[in-house]
Every structure is written in C-alpha cells, then in structure tokens.
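Engineer: Based on what follows, work out the 3D shape:
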Amino acid sequence: MEFFGVMVGGLIALMSGAVGYYEVRRVAKIAQLIARFEQMNPLYLSDRWTQIQYIWQTPRSTAVQWRRGILVVTDKRVAIYDYAPALANDLPEPIATLPTDTLRGFWRPQKYTPGVNEMWIHSEQRKQWHLLKVRLRQYEMQALVRAIKEISTEDQVTVYRRRRPYHHLLTDGQPAKQTLTGAWELSDPLSLYIMPLMLVVMRAENVLETIELANIQDIAALKRMEGGEPAGLVRFTIVYPDETSEQRAFGIARYEAWAEILAEAAKRTLEEPVERKRKGKEDEDDE
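Structural biologist: Numbering: from 1, shown residues only. All right, here's what the predicted structure looks like:
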C-alpha cells in the first residue's frame with residue numbers, strides 16, 4: 001500500500017512538472033509575440049496579463065462563445081491574434097483583421113462599469129458585414145476607446161458620443177413596388193440593419209447597399225390595402241447630394257414600430273452629442 005502511494009505521488013509530481021514546463025513555454029511564446037507587436041508602435045496592445053475576450057461574427061451569426069486573444073490596434077488596422085500561438089519566432093496570421101478603411105462604427109452597448117465592459121466594432125469587407133465584440137476591464141477599455149477614436153472618421157466618433165441605443169438587430173424586409181392600380185408587389189426577402197450612420201441592406205451575408213441615414217426623409221408606415229403578409233410597409237425618400245431623389249419601400253412585419261425606429265435613427269444624425277456634466281480625459285471616453 002505504501003509502495004502504491006509512492007507511485008501515485010511520483011506520477012502526480014511528474015504530471016505537475018510536465019504541466020508546469022508547457023505553461024512556462026506557452027508564457028514565453030506569448031511574451032515573444034507581445035515583443036514583436038511592440039515593435040510596431042501600436043496605438044493599443046493587450047499584453048499577456050490582460051484578460052481580453054472576443055467574438056468574431058456576422059450579423060446573422062449566433063456565436064456566443066467568448067475566446068481569449070491578443071488585440072492589436074495600429075494606424076492601419078485592428079487585429080485579433082490567438083492567445084496561444086503555435087510558434088514564437090514567426091508572426092502568426094491574425095484570426096480577424098479590420099483595416100481602417102473598412103471600419104463602419106464602434107460603440108459600447110452599456111455604460112462603463114468597474115468590472116467587464118464590452119465594445120462592438122463593425123467592419124464592411126468585400127461586401128460582407130463583420131462584427132468584432134471585445135470584452136475588457138474598464139481601464140483597458142478606456143485605452144482601447146482612445147485608440148479606436150484615432151483611426152475612426154469624425155462622423156464615427158461623433159456617433160459614439162451620442163446617446164444609446166446605437167444600432168438595431170436585423171429585420172427581414174421585402175422590397176416593394178407600387179403598381180398602376182395602387183397595389184404593392186413584394187420581391188424576395190432581404191435583411192435590413194439600422195446603424196447610427198446608415199441603413200444596411202443585405203441578402204444573406206452579402207451587403208447589397210448602404211444608405212446614409214442623413215439622406216433619408218419622409219418616413220411613413222403604410223398598411224397594405226390588398227391584404228396579405230406582411231400587413232404593412234415602410235416607405236421613405238432618399239435625397240442625394242445632387243438633390244435628386246428616389247423613393248423606397250419595404251414590406252415589414254412590425255412596420256409601424258420599425259418606421260419609428262428608422263425615423264428616430266435618421267433624426268439623430270442631426271443631433272449634437274450629449275453634453276457631459278464633468279470634463280477631462282475625453283470625458284472619460286464618453287461614459
């Protein structure tokens with residue numbers, strides 16, 4: 001029995017030593033990787049002690065598993081790397097890359113809390129919409145916000161400083177055309193995504209067009225007299241910079257509520273950001 005106990009103890013010690021060895025190697029590889037990133041003079045870099053988690057998805061994705069990674073922000077892109085790289089000497093391929101010219105907005109769903117905070121960064125790449133969700137503690141999140149502001153457009157920063165909500169989930173809609181008899185004919189379903197600066201029209205994961213909210217006027221909710229589903233539609237006018245205009249309509253199940261949401265979003269493009277009661281350090285990065 002005593003011999004068995006010695007064997008078990010030896011086995012446990014051996015396993016602990018192996019685990020410790022591989023953990024030391026893993027930490028060393030991460031430290032070398034961080035050192036490589038530091039040579040880029042990044043605007044933001046999560047080090048090996050930062051508990052950063054992320055989800056990389058499309059608007060239709062139902063991904064819920066948060067993964068740990070290394071976040072790097074430079075003047076050219078935002079990138080997420082694997083937290084446990086296979087190699088230490090070679091710079092690995094990023095899991096997700098958001099070049100600055102693809103950024104379409106960034107915001108935090110909730111105000112800052114002393115614990116974990118969340119940011120959503122939107123990107124349009126090769127006619128597909130992507131969403132990077134990041135979780136960080138407050139101090140690190142504030143540092144990330146300052147970095148993202150440096151690579152975002154003035155309009156995107158202004159939107160970030162406005163009051164919530166910033167966006168709305170996907171809505172199914174069918175493009176509608178009115179016939180000579182006044183009836184509405186509906187086409188194949190699309191997805192409509194209201195963002196702070198634009199209305200995004202998608203089919204599956206592909207972006208068909210983006211319509212600037214500042215150009216949308218005369219929004220109306222109309223009931224379809226001919227019956228059928230959806231029971232109503234949302235109609236609006238797009239006024240282009242050259243003063244030409246175009247009317248659009250979409251059949252939507254909750255057409256009255258959606259028309260109100262679209263009207264509120266379009267109205268906000270004309271608002272100034274909410275004034276902060278206390279000043280300093282970019283107003284604490286807009287609580």
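
Engineer: Please, where are all the strands along the stretch 51-200 of the chain?
Structural biologist: Along the stretch 51-200 of the chain, the segments classed as strands by DSSP state E, counting those that start in this stretch run 53-57, 67-73, 77-82, 96-99, 103-107, 116-125, 128-137, 171-178, 184-186, 190-194, 198-203.

Engineer: Just send the ones you listed back as TSV, with mean neighbour count, mean pLDDT and distance to M225 too.
Structural biologist: For the C-beta atoms, the positions are set from N, CA and C on the backbone; glycine is no exception. Putting these into TSV (neighbours: other CB atoms under 10 Å; pLDDT from 0 to 100; distance: least, CB to CB, whole Å) gives the following:
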stretch	mean neighbour count	mean pLDDT	distance to M225
strand 53-57	19	94	40
strand 67-73	21	94	51
strand 77-82	21	93	49
strand 96-99	19	96	46
strand 103-107	22	94	37
strand 116-125	19	95	37
strand 128-137	20	95	35
strand 171-178	17	94	11
strand 184-186	16	93	9
strand 190-194	20	94	23
strand 198-203	19	95	25
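
Engineer: can I get the ones you listed in a markdown table with distance to G251?
Structural biologist: Below are the strands of the stretch 51-200 of the chain laid out as a markdown table (distance: least, CB to CB, whole Å):
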| stretch | distance to G251 |
| --- | --- |
| strand 53-57 | 27 |
| strand 67-73 | 39 |
| strand 77-82 | 37 |
| strand 96-99 | 33 |
| strand 103-107 | 26 |
| strand 116-125 | 25 |
| strand 128-137 | 22 |
| strand 171-178 | 4 |
| strand 184-186 | 5 |
| strand 190-194 | 10 |
| strand 198-203 | 14 |
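
Engineer: Which one, of these, ends up nearest to R235?
Structural biologist: Between R235 and the strands of the stretch 51-200 of the chain, the tightest spacing by CB to CB is seen for strand 171-178, at 7.9 Å.

Engineer: For the closest one, name the packing helices and strands.
Structural biologist: Applying 3 or more CB pairs under 8 Å, 6 or more residues apart in numbering; DSSP states H and E, one finds that strand 171-178 makes contact with strand 184-186, strand 190-194, strand 232-239, strand 245-252.

Engineer: ok, the shortest one: who's next to it in the sheet?
Structural biologist: Read it as strand 184-186. Paired neighbours of strand 184-186 in the sheet (DSSP bridges): strand 171-178 (antiparallel).

Engineer: just to revisit the earlier point, can you list the helices and strands packed on strand 171-178 in CSV and add distance to P165?
Structural biologist: Putting those into CSV (distance: least, CB to CB, whole Å) gives the following:
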stretch, distance to P165
strand 184-186, 28
strand 190-194, 10
strand 232-239, 19
strand 245-252, 18
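
Engineer: looking at the ones you listed, which is closest to V200?
Structural biologist: Going by CB to CB, the one of the helices and strands packed on strand 171-178 nearest V200 is strand 190-194, 4.1 Å.

Engineer: among the strands of the stretch 51-200 of the chain, which is nearest Y44?
Structural biologist: strand 67-73 (4.0 Å).

Engineer: Pull the contacting residues for the closest residue to V239 other than its chain neighbours.
Structural biologist: Spatial nearest neighbour of V239, chain neighbours left out: S245 (4.8 Å); criterion: CB to CB, 6 or more residues apart in numbering. For S245, the contact set (CB atoms under 8 Å, 6 or more residues apart in numbering) comprises 237-239.

Engineer: Report the buried members of the residues you listed.
Structural biologist: Buried residues within the contacts of S245, counting neighbours by 16 or more other CB atoms under 10 Å: 238-239.

Engineer: Among the contacts of S245, which one sits closest to S46?
Structural biologist: I238 (41.0 Å).

Engineer: Distance check, the closest one against R137.
Structural biologist: Distance, I238 to R137, using CB to CB, to the nearest Å: 42 Å.

Engineer: With adjacent residues omitted, what lies nearest to V200?
Structural biologist: Spatial nearest neighbour of V200, excluding adjacent residues (CB to CB, 6+ apart): Y193 at 4.1 Å.
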